[in-house]
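In: Got a predicted model here, sequence first, then my questions.
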Amino acid sequence: MAAPQISDLDLLKKELRLKMAQLRQTLSYADEEALRTFLLQEILLRPARKVAAVWPLAGEVDLRPLCHDLYAAGRDVLLPETTPKGSPLIFRQWFPASEMNAGRFGTLHPDGEIDIPDLVLVPFLAFDRFGYRLGYGGGYYDRTLAELNVPAIGFGLSGQRVSTLPKGPYDIPLETIVTERGVIRTNPPKSQ
């Protein structure tokens, strides 16, 4: 059996992932707190009642305080359960007293009821001015956003911005990015 072909696009993305994962290690507590503040303000400006956040992996922005703030503000908080490869994420209801279960790739998710968010918070390793993002390479968020067709907000460090990202045919741009420096409205290309 022949080994799968690795494309130039895959190699470019892999190199950028490594570089940006290292950059993310420079995240300070003050940066994280500022990012969460801007993110909370942006979410509360929107009518979304069910917000899909993420439980952090090591080195990621910690949204756990944001989850508590959203819950206190009367919003439902949903967290993703990582599904088998090739499937969109599913989201489970989270409450401050929720027990967290181990998932795929070291992720954690609550044992709550499955629900559908009306706003999705999307982590990234890099982003560009058009709102394209570089994730971990599994395609989970692109598949999920394509299926749900709900607004999404990307979040990460301002230093993760690059002039342009290698893009594949299924990459979905985000209209809003939040960093520790504030909210960025992107200019996604118009679909044809």
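Out: Now that the structure is in, tell me what you want to look at.
In: Would you mind identifying the next helix or strand past the lowest-mean-pLDDT helix or strand in the chain?
Out: Least confident helix or strand of the chain, by mean pLDDT, DSSP states H and E, is helix 8-24 with a mean of 66. Counting by DSSP states H and E, the next helix or strand C-terminal to helix 8-24 is helix 29-44.
In: Check which helix or strand the residue nearest the centre of the chain maps to.
Out: When CA atoms, centre = their mean is applied to the chain, the residue found nearest the centroid is V122 (1.8 Å). Under the criterion of DSSP H and E, V122 resides in strand 119-123.
In: so where do the helices sit in this structure?
Out: 8-24, 29-44, 64-72, 140-148 (DSSP state H).
In: From the structure, what's the count of residues near P56?
Out: 15 (other CB atoms under 10 Å). Placement of C-beta: from N, CA and C, glycine included.
In: make that P96, sorry
Out: Neighbour tally, P96, other CB under 10 Å: 10.
In: is it true that it touches P65?
Out: No - at 11.2 Å, P96 does not count as touching P65 under the criterion of CB atoms under 8 Å.
In: Identify the residues contacting K167.
Out: Y132 (CB atoms under 8 Å, 6 or more residues apart in numbering).
In: Can you get me a residue count around D142?
Out: Count around D142 with other CB under 10 Å applied: 18.
In: T144 too?
Out: Counted with other CB under 10 Å, T144 comes out at 23.
In: Roughly how far does the residue nearest to it when sequence neighbours are not counted sit from I114?
Out: Nearest residue to T144, sequence neighbours excluded (CB to CB, 6 or more residues apart in numbering): P88, at 4.1 Å. According to CB to CB, to the nearest Å, P88 and I114 sit 12 Å apart.
In: What of C67?
Out: For C67, the distance to I114 - CB to CB - is 17 Å.
In: P88 and I114: who's more crowded?
Out: Each of P88 and I114 has its neighbours counted (other CB under 10 Å); P88 has more, 17 against 10.
In: For that one, give me its contacts.
Out: Contacts of P88 (CB under 8 Å, 6+ apart): Y140, R143, T144, A146, E147, L148.
In: For the residues you listed, point out the one with the lowest pLDDT.
Out: Of all the contacts of P88, Y140 has the smallest pLDDT value, namely 88.
In: wait, doesn't it sit right on T82?
Out: Yes - with contact defined as CB under 8 Å, Y140 and T82 form a contacting pair (6.8 Å).
In: Touching both of these two, which residues are there?
Out: Common neighbours of Y140 and T82 are listed as L89 (criterion: CB under 8 Å, 6+ apart).
In: what's the closest of the helices of the chain to V183?
Out: The closest of those to V183 is helix 29-44. By CB to CB, the value is 5.4 Å.
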